[in-house]
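Visitor: Need a 3D model of the following:
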Amino acid sequence: MQPFRVFVTRAIPDQGIAELYELAAVEVNLLDRPLTRQELYEKVKDCHGVIGLLTDSIDREFFDHAPKLMGYANYAVGFDNIDVNEATKRGIPVSNTPGVLTEATAEMAWALLFAVCRKVVASDAAVRSNRWKGWNPLEFLGQGVSGKTLGIVGPGRIGTAMALMSAGFSMQVVYCGPQNPLLDKKLKAKRVDFETLLTQADFVSIHTPLTEKTRHLFDEKAFAAMKPTAYLINTARGPVVDEAALVRALEQGAIAGAGLDVYEFEPNITPGLTRLDNVVLAAHTGSATVRARTDMAILAAKNLAAMLTGKKPPNCLNPKVFDR
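Guide: Numbers count the residues shown, from 1 in each chain. Take a look at the predicted model:
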């Protein structure tokens with residue numbers, strides 16, 4: 001009989017779960033939806049470890065309902081869904097899955113960028129609906145990418161990867177955030193303040209975590225500062241953007257378009273976004289490659305296995321708990 005009980009709040013690739021079988025009795029939520037809070041509390045009440053998703057709110061109430069918890073592994077890079085301070089107070093280690101989805105998410109940012117600026121979705125819809133009458137020199141005119149300026153808001157792992165991919169298009173790169181020597185050396189990128197980036201960039205790509213400082217970083221004032229020919233790309237966190245302000249900006253032509261993979265009220269979509277033809281909407285698929293999602297599962301499991309055996313996990317968000 002395995003010494004530990006583990007609950008996985010949503011089905012993830014089997015390779016990750018297999019990492020835990022020798023150590024724990026593992027139960028997985030096989031419903032095609034997130035559990036309600038009460039359903040989740042019932043499942044974790046006797047568990048020693050949990051692997052959860054960003055759709056799970058891991059707060060004081062959650063910890064109250066999981067008195068035996070020895071570790072929580074987030075199946076995501078971002079961890080704004082977790083009250084890490086509360087976990088630390090209770091001596092519960094928490095982990096995330098950075099690194100393994102960097103390239104996949106950066107590629108998705110590029111996919112959105114091209115889809116919106118080259119009107120891929122609109123032309124696809126025209127062909128599928130038999131509205132397309134053949135080549136037309138004035139139809140589906142978009143914006144080119146080569147030689148333009150790419151603005152990176154948040155030059156961390158994913159922002160850096162996206163910026164490096166721009167080299168093939170001879171783009172100029174500006175970024176705001178911590179100094180990034182790699183971008184400075186490889187691309188001769190320029191570190192500028194947020195306001196300057198907005199005025200210079202033809203494409204603005206968001207890669208910052210969600211914090212109180214970044215919530216609604218992109219508001220009406222920010223959109224007014226952008227070029228009317230500029231495009232916004234968001235593969236980070238939805239609430240970094242004030243989506244009501246974004247809808248107005250897209251309707252009024254304050255910016256040319258947007259490509260979104262994350263949403264302010266996910267999975268609900270802000271009214272107005274779905275009827276606009278200058279925005280491309282993806283279903284939070286930034287990490288949705290077989291390799292990335294599998295590697296995320298394996299890393300989350302390794303993190304949890306370490307926590308269950310009293311070891312510091314590879315990606316610990318609150319290492320102070322191991323100093324006690």
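Visitor: List the residues that contact residue 285.
Guide: 108, 261 (Cβ atoms under 8 Å, 6 or more residues apart in numbering). C-beta here means a position set from N, CA and C on the backbone, and glycine is covered the same way.
Visitor: Same question for the one 4 residues further on.
Guide: Contacts were defined as Cβ under 8 Å, 6+ apart; by that measure residue 289 touches residue 104.
Visitor: so what's the backbone phi/psi at residue 40?
Guide: Main-chain torsions, residue 40, degrees, to the nearest 10: phi -60, psi -40.
Visitor: tell me the domain ranges of the chain?
Guide: Taking automatic domain parsing as the reference, the chain has its domains at 4-99+290-323, 102-281.
Visitor: Now render those as TSV, adding mean neighbour count and mean pLDDT.
Guide: TSV is the format used below for those (neighbours: other Cβ atoms under 10 Å; pLDDT from 0 to 100):
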stretch	mean neighbour count	mean pLDDT
domain 4-99+290-323	18	96
domain 102-281	18	97
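Visitor: Is the residue nearest to the spatial centre of the chain in a helix, a strand, or coil?
Guide: Geometric centre of the chain, nearest residue: residue 236, 3.8 Å, by Cα atoms, centre = their mean. At residue 236, secondary structure determined by DSSP: H, G, I helix; E, B strand; the rest coil is coil.
Visitor: Now do the same contact list for it.
Guide: 78, 154, 158, 206-210, 262.
Visitor: In helices, which of those residues appear?
Guide: Within those, residues falling in helices by DSSP state H are residue 158.
Visitor: Export the contacts of residue 236 as TSV, with columns for distance to residue 62.
Guide: Listed next are those as TSV, based on distance: Cβ to Cβ, whole Å:
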residue	distance to residue 62
78	17
154	28
158	27
206	28
207	28
208	26
209	21
210	19
262	22
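Visitor: Restricted to strands, list the contacts of residue 236.
Guide: With strands defined by DSSP state E, the entries of those inside them are residue 206.
Visitor: and which of the contacts of residue 236 is nearest to residue 123?
Guide: residue 262 (24.6 Å; Cβ to Cβ).
Visitor: what's near enough to touch the closest residue to that closest one other than its chain neighbours?
Guide: Of all residues not flanking residue 262 in the chain, residue 238 sits nearest, at 4.3 Å (Cβ to Cβ, 6 or more residues apart in numbering). Listed by Cβ under 8 Å, 6+ apart, the contact partners of residue 238 are 260, 262-266.
Visitor: Can you name the two of these that sit furthest apart?
Guide: Among the contacts of residue 238, 260 and 265 lie farthest apart (Cβ to Cβ), at 12.2 Å.
Visitor: same for the host helix or strand of residue 107, what does it pack against?
Guide: Secondary structure from DSSP states H and E places residue 107 in helix 102-117. Counting contacts by 3 or more Cβ pairs under 8 Å, 6 or more residues apart in numbering; DSSP states H and E, helix 102-117 is packed against helix 157-165, strand 203-206, strand 231-234, strand 257-260, strand 279-281, helix 290-308.
Visitor: how about these, which one is nearest residue 100?
Guide: With Cβ to Cβ as the measure, helix 290-308 is the member of the helices and strands packed on helix 102-117 nearest residue 100 (3.8 Å).
Visitor: For the chain, just list every one of the strands.
Guide: 4-8, 24-28, 49-52, 71-74, 94-95, 149-153, 172-176, 190-191, 203-206, 231-234, 257-260, 279-281.
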